[in-house]
Structures are given as C-alpha cells and as structure tokens.
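A.B. asks: structure of the sequence below:
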Amino acid sequence: MARARLSVLEPLKERDQLAQRTYEAIRAAILANAIPPGTPLSVPELARRLEVSRSPVREAVQRLIYDGLASHVPNRGAVVDQVEVDEITELYAVREVLEGLAARLATQNASRDGVDSLREITAQHEELVRDGGDVDAHLQLDMAFHRTIRTLAGNHYLSEILESIVNRSHSVMHSLWPISEAAHAALCEHQTILDAMAAGAPEVAEEAAREHISRLRVRLLQTLRAAPSPVAAAT
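C.D. replies: You can find the predicted model right below:
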C-alpha cells in the first residue's frame, strides 16, 4: 500500500540542487494529499521513485519532520503526520491571533501593487468557485491568499510560524474544500479581509482575519469529527 502511494513521485532528471528538489517533490506530494497521512516515508523507496541516492532523501525527510509534515515513529521510521481534533483546536487558536497580526501589519505596509496581487488571487478564486474546480486548485489559491498577506506583513518569524501551522493541518483541508459551502464561505471571508486592507484599515483587517480563522476552525472541526481516520480507512 505504501509503495502504491509513493508511485505519485516521478524521477528527478536534473541533478542541480538535488537535496532541495528532492525535498520540494516529496513536500508537494504530501501537501497535495497524494501521499496521505500515515504513509511511511521509506528512504529506499523514495530514492528509487525519484531516481536519486538515499542521501538527499534522508535530508528531505528530516526537513519534513522539522516542518511538521512528518514525524518519527519508533520501529516504523518517518511517516506522514496525521492531525487530530484536539490539535486543530490548539493550532487554530494560535493561528487566529497570528493571522490577525499578519493582516494588520500587511495593511500598514502594503503597497498598491500588494493589494492588487490579493485582488488578482481573489478574482481567480471567485472564478474557480463559480465554475467548480478540483480540490488542489482551491487549496492552492487559498494558500496563496494567506501567504501573500504574510509576505506583505514583512515579518519573517511570523511567516515561518504560520507556515508550520498550515503544514500541520494540510490533510484536513483537502477534506474540507470539496464542500461547496466551505469554499463560498472562505471566499467571502477573504473578500472582507481584502476590503479592509484596500481601505487602509489595519484594525478592521485584523478583526476580519481573526474571524475568518475562527470560522475556519469550526468548519475544520466539523469535517474532522464527521470523517473516518485516514489511516483507518487505508487499512
């Protein structure tokens, strides 16, 4: 079963920056849920799939553990992490505060070009929600919106912490996006944040961002509690 899941990975042809490219390939597959929670990250098997030596794979797996996307399990080695209900509650209590801070700082620092980039992401997401689209497309635009705000905030430490929180909850996000009501709700909440930023109202943007994450937490918890465990479903 684990080998079948790792079959999504294709050989890496170019050898430049091999360790970084190995990490990016495995990380992208995990974030796309192509390698789901509970999957063992076998160094020999990953190296075989990517057609690289084991050294860059070992380095990549260690980085994934550091990122919170994988963990070391005794007698099993590294496995893709599975988020639990209690962890979502704790993670999103922190994320609510920090995304609010990011929105406030971004509003204070953003140029017109920065706000326009958020408008473009929101317009693309609106079109996707209207016409329908795959889960990955929804998730990529959602992540792009929040990542752009963090970039505009201009605080490296804030961005790093928020990225790790998003990484930890990647698997449940994939189960949430197919629900059309969730996609519409997120888009409306993003628009509220964007409107506050465009108006140059940092406190309003902060409150809108916090409200968005608070509501997102509720939607995530409802999804988690209604769905079977990914690991249990795979066995």
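
A.B. asks: tell me where the protein has helices.
C.D. replies: 2-6, 18-31, 43-50, 54-67, 85-109, 112-131, 135-153, 156-168, 170-176, 180-198, 202-226, 230-234 (DSSP state H).

A.B. asks: show the average pLDDT along the second one.
C.D. replies: Averaging pLDDT along helix 18-31 yields 90.

A.B. asks: contacts for it?
C.D. replies: 8-10, 12, 14, 35, 41, 46, 50, 52, 55-57, 59-61, 63-64, 67, 69-70, 80, 139, 167, 170 (CB atoms under 8 Å, 6 or more residues apart in numbering). Every residue, glycine included, has its C-beta placed from N, CA and C.

A.B. asks: mind redoing it with 7 Å?
C.D. replies: 8-9, 12, 35, 46, 50, 52, 56-57, 59-60, 63-64, 69, 80, 170 (CB atoms under 7 Å, 6 or more residues apart in numbering).

A.B. asks: and for stretch 151-169?
C.D. replies: 67-69, 81, 83, 88, 91, 94-95, 98-99, 101-102, 105-106, 109-110, 114, 143, 150, 220.

A.B. asks: only the buried residues of it, if you could.
C.D. replies: 151-153, 155, 158-159, 161-163, 165-169 (16 or more other CB atoms under 10 Å).

A.B. asks: same thing with stretch 124-142?
C.D. replies: Here stretch 124-142 shows 124-126, 128-129, 133, 135, 138-142 as buried, counting by 16+ other CB under 10 Å.

A.B. asks: same question, stretch 26-46
C.D. replies: 26-27, 29-43, 45-46.

A.B. asks: then stretch 209-216?
C.D. replies: Those buried within stretch 209-216 under the rule 16+ other CB under 10 Å are 209-210, 212-216.

A.B. asks: now the helices of the chain as TSV including distance to residue 76?
C.D. replies: Listed next are those as TSV, based on distance: least, CB to CB, whole Å:
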stretch	distance to residue 76
helix 2-6	10
helix 18-31	17
helix 43-50	13
helix 54-67	13
helix 85-109	20
helix 112-131	38
helix 135-153	28
helix 156-168	19
helix 170-176	18
helix 180-198	33
helix 202-226	23
helix 230-234	12
